[in-house]
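Chemist: Please work out how this folds:
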Amino acid sequence: MHRALLAFAAGLVLAGAARAQPSPGPQPLAPPPPVPAAEDTAYPGVIRLFVDATDLDRRIFRVHETVPLAPAPQGQDLTLLYPKWLPGHHSPTGPLSDVAGLVVRANGQPVPWRRDPVDVFAFHLEPPAGATSLDVEFQFVSPTARDQGRISVTPEMLNLQWNQVVLYPAGHFARRITLQPSVRLPTGWRFATALDGASRSGDDVRFAAVDLDTLVDSPIFAGRYFRQIDLDPKGRTPVRLDVVADRPDLLDATPEQVAVHQALVKQADKLFGARHFDHYDFLLALSDRMGGIGLEHHRSSEDGATPHYFTDWDKGAPGRDLLSHEYVHSWNGKFRRPEGLWTPDFDAPMRAELLWMYEGQTQYWGQVLAARSGLWSRQDALDVLAMTAALYGQRPGRSWRSVEDTTNDPTISARRPIPWVSWQRSEDYYSEGQLVWLDADTLIRQRSGGKRSLDDFARGFFGINDGGWTPVTYSFDDVVAALNKVEPYDWAGFLRARLVEVAPQPPLDGLARGGWRLVFSDKPSGFWTDNEARRRIADFSYSLGLAIARDGAIAGVIWDSPAFKAGLTTGGKLLAVNGVAYDADELKQAIIEAKTGSEPIQLLVQTGDRFKMVPVDYHGGPRYPRLERIAGAPDYLSEILAPRK
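Modeler: Residues are numbered from 1 along each chain as shown. You can find the predicted model right below:
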């Protein structure tokens, strides 16, 4: 071949080889500089925070902050953070989407800000040279409809959570940032909060300077109709029940009702043997207009109940353990808290693997104290325990997922509805955790011949540092060591087997050891019926395996239940039962009749624009959980529920 042709051919070969080489492709974008990490240093000066909460029609909180600046070279950034990881939520749920209208000024001139492209809760800005402070303004546009989130403002009341209305400087522990908070309330409204030093001038209320940790931990309830009840007259530190309501008549608590709330305080003192607050306020809203809530704080709690909490007392037992649960959190969760749930500021991620202690033991003590105080009758407490045992005795999701893994649910699902709760599991560290702590309590009683109990653990673990309220963190090993001080045993193995490992069998040993067993009856308990009314459902979980809302919507289906096997799912709507228009009584009667027949129950179900007749082949009759005494066994359970003298 001619040399020129050879060169040309070689060039083609080389070009082809070059084209055959893969391109390097996209490369990752370099991350932005990190947001300054919190250090245990004081932020200079006091931030003045003012919130105008008077716009009831539009439900808008208007915020003005004055942020002092330390002398700094020109060109040095300041980063302001909006609280992201919220105590009590155990998740990054700060409502940033409801922040609007952010404007920053120095010496009256606008200061541009830019949102961090990775941590969108962070706002970067460069204060101008010589500026001694920044004026920060924004609005928190609280939800105006339930599908936007929890309603926190109504014409009769409001709930101001300080984490929603504050920006704070990055780089400092929250406890080292000092603020001077104040709020303007609607004319004539009264308020309650754990904040100290309140002084009022007209509708403006100013509080003593406070660190950011304590501020966020001290929300306000305010309302047109307000009543404060002393729950510990002449006690060592004030404990108050602060009630706002939709109407003034709903505030009418009887002396007997006040007495059981006062007994809650006394029984908690007997259990823990210490107080870690200088005063405590139950902030209680009786409303079907403001969104419900149950959120713990160190010196207060945010609690929502039905409007008729006092005026329809006989039917309200299913909601009456809320206050006892949140009160226990002052000891377990606020004073003593898992080491992974204490963070230096609200930007640092939380680790929630000990929620089976934080929430599970609080669930246990909350219900025990409800019984010991008289908020519940003994029978109420037994009925609730039967319902809990039945629920977790029929939890197929335990075959693949541990209780400890559900401690990630606040971050994974943030309490959004999920289609198959019984299979997916959802925050089972609460009530399955409660059953594990019943197991531990009865085991201690059995091994010690009734001389010791989990009460001794509560006093030894939570009763330290009486009068102090600086948080003390705990680890798994701390819990195990405290249990061993009460009763030597392989508590690490006990807890890991029930909580950390996948445990296909339900933790019902505490019931049997406590002298009771779970059985099913064809008649519901009074508590079950009241709970159905409160939840506005008809609950057939242990027969057909489904729950149905009042309008016929299928509210839940148990995995592998008869309803599941028939193809029913959450989201459908039940229209008819055996050819007759659906109502709860009609379905109950069909379940009774199917027990002695061989034909399936025929359900007409609508899903979207489709209609389908669904046969459910179930013949087991009505089934409702109850507890039954085991003859001859020690009745530790009744001892646990009895008030302490």
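
Chemist: Pretty sure S413 sits against R425.
Modeler: No. Counting by Cβ atoms under 8 Å, S413 does not reach R425; the two are 10.2 Å apart. Yep, even glycine has a C-beta here, placed from its N, CA and C like the rest.

Chemist: who's more crowded, those two?
Modeler: Using other Cβ atoms under 10 Å as the criterion, S413 and R425 rank with R425 on top: 22 against 15.

Chemist: My guess is that one contacts P396. True?
Modeler: No. R425 lies out of contact with P396 (Cβ under 8 Å); the separation is 9.4 Å.

Chemist: Quick one: residues contacting V153.
Modeler: 53, 56, 59, 142, 159, 290 (Cβ atoms under 8 Å, 6 or more residues apart in numbering).

Chemist: Tell me the spacing between the residue lying closest to F540 once chain neighbours are set aside and L574.
Modeler: Of all residues not flanking F540 in the chain, L546 sits nearest, at 5.6 Å (Cβ to Cβ, 6 or more residues apart in numbering). Counting by Cβ to Cβ, to the nearest Å, the gap from L546 to L574 is 9 Å.

Chemist: Comparing these two, which residue is more hemmed in?
Modeler: A direct count of neighbours by other Cβ under 10 Å for L546 and L574 places L546 higher, at 28 against 25.

Chemist: can I assume the more buried one is in contact with L568?
Modeler: Yes. Counting by Cβ under 8 Å, L546 does reach L568; the two are 6.1 Å apart.

Chemist: To what extent is Y225 buried, counted in neighbours?
Modeler: For Y225, using other Cβ under 10 Å, the count is 18.

Chemist: Looks like it contacts D246 (just checking).
Modeler: Yes. Between Y225 and D246 there is a contact under Cβ under 8 Å: 7.4 Å.

Chemist: can you list residues touching both of the two?
Modeler: Shared contacts of Y225 and D246 (Cβ under 8 Å, 6+ apart): 156-157.

Chemist: For stretch 54-61, which outside residues touch it?
Modeler: Contacts for stretch 54-61 (Cβ under 8 Å, 6+ apart): 51-53, 62, 139-144, 151-155, 158, 160, 164-165, 184-187, 203.

Chemist: Please state the mean pLDDT value computed over that stretch.
Modeler: For stretch 54-61, mean pLDDT is 98.

Chemist: Next, the buried residues of it.
Modeler: Of the residues in stretch 54-61, those buried by neighbour count under the rule 16 or more other Cβ atoms under 10 Å are 54, 56, 59-61.

Chemist: got a list of what the residue nearest to F540 touches?
Modeler: Contacts of L546 by Cβ under 8 Å, 6+ apart are 540, 554-558, 561, 563, 568.

Chemist: list the helices and strands the one helix or strand P410 maps to packs on?
Modeler: In this assignment (DSSP states H and E), P410 forms part of helix 409-412. Identification of packing neighbours for helix 409-412 by 3 or more Cβ pairs under 8 Å, 6 or more residues apart in numbering; DSSP states H and E yields strand 91-92.

Chemist: So for stretch 445-452, mean pLDDT?
Modeler: Averaging pLDDT along stretch 445-452 gives 97.

Chemist: which residues touch the residue minimising distance to the centre of the chain?
Modeler: The centroid of the chain falls nearest to H89 when counting by Cα atoms, centre = their mean (5.3 Å). Residues counted as contacts of H89 (Cβ under 8 Å, 6+ apart) are 295, 410.

Chemist: Doesn't I47 belong to a strand?
Modeler: Yes. According to DSSP: H, G, I helix; E, B strand; the rest coil, I47 belongs to a strand.

Chemist: does the spatially closest residue to it that is not a sequence neighbour belong to a helix or a strand, and which?
Modeler: Nearest residue to I47, sequence neighbours excluded (Cβ to Cβ, 6+ apart): L179, at 4.5 Å. Per DSSP H and E, L179 falls inside strand 178-184.

Chemist: what does D119 give?
Modeler: Per DSSP H and E: nothing holds D119, as it lies in no helix or strand.

Chemist: Contact partners for it?
Modeler: Counting by Cβ under 8 Å, 6+ apart, D119 touches 35, 347.

Chemist: redo that, cut-off 7 Å
Modeler: Going by Cβ atoms under 7 Å, 6 or more residues apart in numbering, D119 touches V35.

Chemist: and what of D455?
Modeler: Contacts for D455 (Cβ under 7 Å, 6+ apart) come out as L271.

Chemist: same thing with Q361?
Modeler: 332, 433, 437.

Chemist: ok, K270 - contacts?
Modeler: Shown in contact with K270 (Cβ under 7 Å, 6+ apart): R644.

Chemist: A helix includes it, no?
Modeler: Yes. Using three-state DSSP, the secondary structure at K270 is a helix.

Chemist: could you measure it against A263, distance?
Modeler: Counting by Cβ to Cβ, the gap from K270 to A263 is 10 Å.
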